[in-house]
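Show me the folded form of this:
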Amino acid sequence: MFDFRLRVFHTVAKRLSFTKAAEELYISQPAVTKHIHELEQQLGMALFERIGNRIKLTRAGQLVMHHAEIIFTDYRNLEYEINQLKHTQGGLLAIGASTTIAQYLIPPLLAKFNQRYPDVKTSLTNGNTEQIEQALFEKNILLGIIEGSSKNPLLKYVEFARDEIVLIGNPKHVYGSGEPLSPGELRNIPLLMREHGSGTLEVITDELKRLKLKITDLNVAMYMGSTESIKSYLHHSSCAAFISLQAVQRELEAGEFVVLPIKNFRVIRKLHFTYQQGLQDKLAQLFIKFARQHIAE
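Below is the predicted model of the structure:
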């Protein structure tokens with residue numbers, strides 16, 4: 001339906017690589033070069049400039065990229081509305097979610113969504129909150145689902161659900177006196193923490209301020225990049241870790257971990273859908289509506 005040359009340009013502009021664009025579009029690199037050359041001839045201006053082995057958009061290229069984003073959003077929304085008239089749903093929906101959400105919360109919802117709308121092709125990538133927001137800016141995904149209180153003014157945030165973060169430990173080891181931990185006792189426990197940029201670390205850092213504690217006041221044994229890595233480590237260690245309750249529900253029920261209460265400390269965080277301001281993708285909105293209706297099931 002759309003001009004394929006514009007799709008080629010858009011892909012090169014996103015990847016800033018003719019080779020990567022060719023791989024993504026399943027065409028040869030000379031074909032990519034030909035499409036870009038024809039588009040530049042049509043517009044009468046260069047869209048890319050070379051700097052050594054790299055390329056970057058010219059001012060004309062930036063202008064074309066801006067309008068290409070609008071055009072492709074309009075195409076997707078047109079496809080959505082045509083499918084509505086035909087009483088079907090179809091199209092591509094690329095979702096990115098923070099690690100904990102992608103591992104434990106979204107897969108069951110995606111399974112229900114794909115069953116309800118089998119002609120919608122979905123994809124799910126994961127990363128920490130910073131990485132998901134960056135993927136939105138780079139147009140690698142249309143919809144993000146994140147943890148934490150990040151508020152970038154270029155993004156719109158819609159509350160999706162709430163999640164509790166708890167401190168867990170290995171039942172083979174003793175932590176404190178058996179009563180809820182005091183700030184002083186918490187300082188002495190070796191802790192595993194999620195990596196910088198993680199939504200989990202962000203909300204823990206904010207909540208610790210109420211106890212007049214900073215991360216640097218704690219005995220952080222290691223920063224780790226995923227909840228699963230932390231859980232695996234805890235099985236063989238006397239460390240403790242702050243983890244989403246959803247991520248350890250099975251292990252708590254099986255007695256593999258125990259919750260370690262902390263005096264005057266409870267972390268309930270909000271999970272948000274996020275997408276670029278002004279880009280109202282109707283397929284993304286369909287998923288948001290569906291997920292909010294089915295999250296409690």
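
For Ile145, list each beta-bridge partner.
Judged by DSSP bridges, the bridge partners of Ile145 are Ala97, Phe273.

how near is it to Gln249?
From Ile145 over to Gln249 the distance is 19 Å, taken as CB to CB, to the nearest Å. C-betas here are computed from N, CA, C, even on glycine.

who's more crowded, the two?
Each of Ile145 and Gln249 has its neighbours counted (other CB atoms under 10 Å); Ile145 has more, 28 against 11.

ok, the more buried one - contacts?
Contact partners of Ile145, counting by CB atoms under 8 Å, 6 or more residues apart in numbering, are 95-98, 101-102, 106, 132, 160, 271-274.

Low-confidence regions, the stretch 151-297 of the chain specifically.
279, 296-297 (pLDDT under 70).

Give me the distance between the host helix or strand of Phe242 and the centre of its chain.
Here Phe242 sits within strand 240-244, counting by DSSP states H and E. Its chain's C-alpha centre and that of strand 240-244 lie 20 Å apart, by CA atoms, centre = their mean, to the nearest Å.

How about residues contacting that strand?
Strand 240-244 has contacts (CB under 8 Å, 6+ apart) with 100, 104, 163-169, 175, 189-194, 200, 204, 227, 230-231, 234, 260, 267.

ChimeraX command for the buried members of those residues?
To isolate in ChimeraX the members of the contacts of strand 240-244 that are buried, counting by 16 or more other CB atoms under 10 Å, one can use:
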select :100,104,163,165,166,167,168,169,175,189,191,192,193,194,200,204,227,230,231,234,260,267
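
In helices, which of the contacts of strand 240-244 appear?
Mapping the contacts of strand 240-244 onto helices (DSSP state H) picks out 100, 200, 204, 227, 230-231, 234.

Save those as JSON lines, and put in distance to Glu69 too.
Compiled in JSON lines, those are given as follows (distance: CB to CB, whole Å):
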{"residue": "Thr100", "distance to Glu69": "30"}
{"residue": "Thr200", "distance to Glu69": "31"}
{"residue": "Ile204", "distance to Glu69": "36"}
{"residue": "Thr227", "distance to Glu69": "34"}
{"residue": "Ile230", "distance to Glu69": "38"}
{"residue": "Lys231", "distance to Glu69": "40"}
{"residue": "Leu234", "distance to Glu69": "44"}
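
can you give me the strands for the stretch 51-200 of the chain?
For the stretch 51-200 of the chain, the strands defined by DSSP state E, counting those that start in this stretch occupy 54-57, 91-98, 120-127, 143-146, 155-169, 190-194.

by contact count, what packs against the last one?
For strand 190-194, the contact count by 3 or more CB pairs under 8 Å, 6 or more residues apart in numbering; DSSP states H and E identifies helix 199-208, strand 219-224, helix 227-234, strand 240-244 as packing neighbours.

Convert the first one to PDB, retaining C-alpha atoms only.
Same thing as helix 199-208. Extracted in PDB, the C-alpha atoms of helix 199-208 (Å, rounded to 0.1, in the frame of the first residue of the first chain):
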ATOM      1  CA  GLY A 199      12.800   0.300  37.600                       C
ATOM      2  CA  THR A 200      13.100  -2.000  40.700                       C
ATOM      3  CA  LEU A 201      16.200  -0.300  41.900                       C
ATOM      4  CA  GLU A 202      14.600   3.100  41.200                       C
ATOM      5  CA  VAL A 203      11.600   2.500  43.500                       C
ATOM      6  CA  ILE A 204      13.700   0.900  46.200                       C
ATOM      7  CA  THR A 205      16.100   3.900  46.200                       C
ATOM      8  CA  ASP A 206      13.100   6.200  46.600                       C
ATOM      9  CA  GLU A 207      11.500   4.200  49.400                       C
ATOM     10  CA  LEU A 208      14.800   3.900  51.400                       C
END
